[in-house]
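Novice: coordinates for the following, if possible.
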Amino acid sequence: MPPPSTDVSPAGLAQVGGCVRAIAVALGRRVVEIALDLRQLMATEIAELDGDPRIVELLGASIEGNVETILHMLAHEIPAERVEPPSAAFEYARRLAQRGVPVNALLRAYRVGHDRLLRWMFAELDRRREDPVVALGVARRMVGDTFGYVDWICQQVAEVYEEERERWLANRDTLRAGRVRALLDGDGPADLDALETTLGYGLRGRHLALVAWSGEGEGAAVARLVGTLAERTGCRGRPLSVAYDHATTWAWLPLGRDSSVAEVSRAAEALTEDGGPAVRIAVGEPGSGVAGFRESHRQAVRAQTVALAAGADARTLTTFADVGAVALLCADLDAARTWVADTLGGLAADDPQRARLRETLRVFLAAGGSYTTAAEQLTMHKNSVRYRVGRAEQERGRPLTEGRIDLELALMACRWLGRAVLTPAR
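Specialist: Reported below is the predicted structural model:
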C-alpha cells in the first residue's frame, strides 16, 4: 500500500514554514529551561553519564549547545550538514572517551534528548492550535529536520570519541607499559602506592601471569579475552594488561587465595574454543608480591617459548607447570632434536603409529608403571596398554629402566614441541 500523499499547497508550505520558525523562536527563549530538563532526564535514564559534577556540568553545556543549534537551524531553515557543531559536544565526547564510558551511552543520550526535545516542540505546537493539516506538516518538518541533525551530530561525536579513545589509551598504555617493564627489569618501586595507582593494579597480592597472542593486529581482541578471563575466574579485581606488540599482550590476574592455575586453565580453554581470533595463552605459576609478579611473568614467557617453538603443533594453552623442563630445550632445538633421537631411538619418528606409542608410554610412566591406572586414563584395555608399552620398548631399542629420567623428559618434549624435536619419518 503506497504511503499517503504529503503534497501541500504553496500557501500551506508557507504556513508550515512560518509555524516552524515561530516554534523555534518561542523555544529559543527557554533554552536554559529545556537544557536543564534534558540534562536531568539523561542523568536519570543513562547511569553512565551521571556522577562527577564536572562531567554533569559539561553535559549541560553540550545539551544547551545542541538545543541552541537545532532551534537556530529550524528558525533559519539551515540544512543539518551546514551548521557548526557546538564545541561543548565534542569536548564532552572526549571526556567520556577518557573515562571509558561506552560510546553507546553517548549516542543513546542523543536519542533520549531528541525524544524529549520533540515533546517540547509538540507542546508548543499544541498551544498554537494550528489547522490540523498545517499542524501535521509542521510535525513532519520538525521530526525530519531534528532527526537529520541528530543523525549527523551522532556521526561527528562518535568519530571524535573514537579518535580520543585511541589517543588516550595509547598514551596511558605507553606510560603503564614503561612502568611495568621497569618493574620486570628489577627496578624496585620507590613508592609502591604511587605505582599501584598508575597501573590500576595491586602489587602486594597474589598474581598469575599470562602471555596471550594471536595474529598480527589482533592485540585488542587478545586484551578483551584477558578481561573476560578475569571475570570468569572470579579475580579479586581488574587484571593488568599491557601490549607487548600489536599481537601480544602481557597480563596479570589478581588471584584470590582459593583460585588455582587449573581453574584459570579450564576457563581459558573454554574461552578460546568459543570462536573469534585463534588466541594462544601461556601461563606461569602463582606468585605473591612484587617478586611473585616478576617470577610468574618469567615463567609465562618460558612457557610461551615452548609454544612458539612448537609452531603449528602448539596447543591453545601452555602452562609452565607442564613445560618448565621442556623450556630449557628450546635454547637449541637442533641439539634437542639430536638428544631426543638418541634417547628414544626409533620411537622419535614423526608418524601416527609412533605418536600413539609415545603417548601410551608417557601415561604409563606417569602412572608409576601401572598398567591398570594407565588403561583407565587412556580408556583402553589393560592388555592393549601392555602391548603398546612392549612395542615402544622395542622401538626404543633398550630397556625402559635405562635412562628413565631422560626418557620421560624426551617424551614430554615430543608432546609439547612436536615436529620441532621429532625425526622425520622415512
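Novice: which residue is the nearest non-sequential neighbour of residue 404?
Specialist: Leaving out its chain neighbours, the residue that sits closest to residue 404 by CB to CB, 6 or more residues apart in numbering is residue 365, at 7.6 Å. For every residue, glycine as well, the C-beta is placed using N, CA and C.
Novice: give me the number of residues near the one you found?
Specialist: For residue 365, the neighbour count with other CB atoms under 10 Å is 18.
Novice: same check, this time on the one 3 residues further on
Specialist: Residue 368: 8 surrounding residues under other CB under 10 Å.
Novice: and residue 115, by the same measure?
Specialist: By other CB under 10 Å, neighbour count at residue 115 equals 13.
Novice: i'd like the first residue to be 90 from this point on
Specialist: Renumbered: residue one is now 90, and that last one reads residue 204.
Novice: ok, it to residue 164 distance?
Specialist: In this view, residue 204 and residue 164 are 21 Å apart by CB to CB, to the nearest Å.
Novice: do the same with residue 430
Specialist: As for residue 430, its distance to residue 164 is 86 Å (criterion: CB to CB).
Novice: secondary structure element for the residue positioned nearest the centre of the chain?
Specialist: Nearest to the mean C-alpha position of the chain, by CA atoms, centre = their mean, lies residue 313 at 1.3 Å. Per DSSP states H and E: residue 313 is located in helix 308-321.
Novice: buried sites along that helix?
Specialist: 308, 310-312, 314-315, 318-319 (16 or more other CB atoms under 10 Å).
Novice: with stretch 183-195 instead?
Specialist: When burial is assessed from 16+ other CB under 10 Å, stretch 183-195 yields the following buried residues: 183-187, 190, 192, 195.
Novice: identify all contacting residues around that stretch.
Specialist: 135, 137-138, 144, 147, 181-182, 246-247, 249-251, 253-254, 257 (CB atoms under 8 Å, 6 or more residues apart in numbering).
Novice: switch the cut-off to 6 Å
Specialist: Applying CB atoms under 6 Å, 6 or more residues apart in numbering, the contact partners of stretch 183-195 are 135, 137, 250, 253-254, 257.
Novice: thinking again about what came up before, restricted to helices, list the buried residues of stretch 183-195.
Specialist: Secondary structure assignment by DSSP state H places 183-187, 192, 195 of the buried residues of stretch 183-195 in helices.
Novice: stretch 195-207 - what's its average pLDDT?
Specialist: For stretch 195-207, mean pLDDT is 91.
Novice: hmm, back to that, is it true that the residue nearest to residue 493 touches residue 498?
Specialist: No - counting by CB atoms under 6 Å, residue 454 does not reach residue 498; the two are 10.7 Å apart.
Novice: residue 266 contacts residue 333, doesn't it?
Specialist: No - at 8.1 Å, residue 266 does not count as touching residue 333 under the criterion of CB under 6 Å.
Novice: this structure: strands as residue ranges?
Specialist: Applying DSSP state E to the chain gives strands spanning 295-302, 329-332, 337-344, 369-372, 376-377, 406-408, 438-439, 512-513.
Novice: helices and strands around the last one, which ones?
Specialist: When contacts are defined as 3 or more CB pairs under 6 Å, 6 or more residues apart in numbering; DSSP states H and E, strand 512-513 sits against none of the other helices and strands.
Novice: can you list contacts of that strand?
Specialist: By CB under 6 Å, 6+ apart, strand 512-513 touches 430, 437-439.
Novice: most surrounded residue in those residues?
Specialist: residue 437 (24 neighbours).
Novice: just to revisit the earlier point, closest one of the buried residues of stretch 183-195 to residue 176?
Specialist: residue 183 (10.6 Å; CB to CB).
Novice: one step back: lowest-confidence entry in the buried residues of helix 308-321?
Specialist: Among those, residue 308 has the lowest pLDDT, at 61.
Novice: residue 482: what's it in contact with?
Specialist: By CB under 6 Å, 6+ apart, the residues touching residue 482 are residue 489.
Novice: brain fart, residue 464
Specialist: 471, 474.
Novice: what do you get if the cut-off is 7 Å, keeping everything else the same?
Specialist: Contact analysis of residue 464 by CB atoms under 7 Å, 6 or more residues apart in numbering lists 470-471, 474.
Novice: low pLDDT regions in the stretch 90-239 of the chain?
Specialist: Along the stretch 90-239 of the chain, segments meeting pLDDT under 70 span 90-101, 138-143.
Novice: again with the stretch 290-439 of the chain
Specialist: Where the stretch 290-439 of the chain drops to pLDDT under 70, the residues are 304-309, 362-366.
Novice: who are the contact partners of residue 388?
Specialist: Applying CB under 7 Å, 6+ apart, we find residue 388 in contact with 298, 373-374, 409.
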